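Engineer: Predicted model, plus sequence, below.
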Amino acid sequence: MDIIDTRVDLGFTAMVTTLTPFSNVPNAHGEHVFTDISKFEPNEAYFEHVDSLLDQLEFRGIAVYLVALWWNQVNAERYAPSPPRT
């Protein structure tokens, strides 16, 4: 986790991150957040990896503030910003 080591070396003690990616991309182990996104059925393997990463961050003394899911990730097309008025 080079990026975390770098942050620790620079004196950072906290991090804000999302629990889920902005699109349906897999994590480093090829796992997706949900096994069935239409039902928001969580993928256990994905969250086991998240637990492992959070343990590593805690070990390095980093406080983590998680955003579980941005609202626009639920239905990006429906909640996309309106085009500017001309």
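Structural biologist: Okay, I see it.
Engineer: elements contacting the lengthiest helix in the chain?
Structural biologist: The residue-count maximum for a helix in the chain (DSSP state H) belongs to helix 44-59. Using 3 or more Cβ pairs under 8 Å, 6 or more residues apart in numbering; DSSP states H and E as the contact definition, the elements that helix 44-59 packs against are strand 63-67. Using the backbone N, CA and C atoms, a C-beta is placed for each residue, glycine as well.
Engineer: any idea of the mean pLDDT for the strand it packs on?
Structural biologist: This predicted structure assigns strand 63-67 an average pLDDT of 92.
Engineer: ok so, going back, buried stuff in the longest helix of the chain?
Structural biologist: For helix 44-59, burial by neighbour count (16 or more other Cβ atoms under 10 Å) applies to Tyr46, Val50, Leu57.
Engineer: all strands of this structure, in order?
Structural biologist: Assignment of strands within the chain using DSSP state E yields the ranges 14-18, 34-36, 41-42, 63-67.
Engineer: Of those strands, give the one that comes closest to Ala28.
Structural biologist: Within the strands of the chain, the stretch nearest Ala28 is strand 14-18; the backing value is 14.3 Å (Cβ to Cβ).
Engineer: still on that earlier bit, and of the buried residues of helix 44-59, the nearest to Pro26?
Structural biologist: Proximity to Pro26 was ranked across those by Cβ to Cβ; first place goes to Tyr46, at 8.2 Å.
Engineer: Mind pulling up the pLDDT for that closest one?
Structural biologist: In the prediction, the pLDDT value recorded for Tyr46 is 95.
Engineer: now do the one 4 residues further on
Structural biologist: Reading off the per-residue confidence, Val50 sits at a pLDDT of 93.
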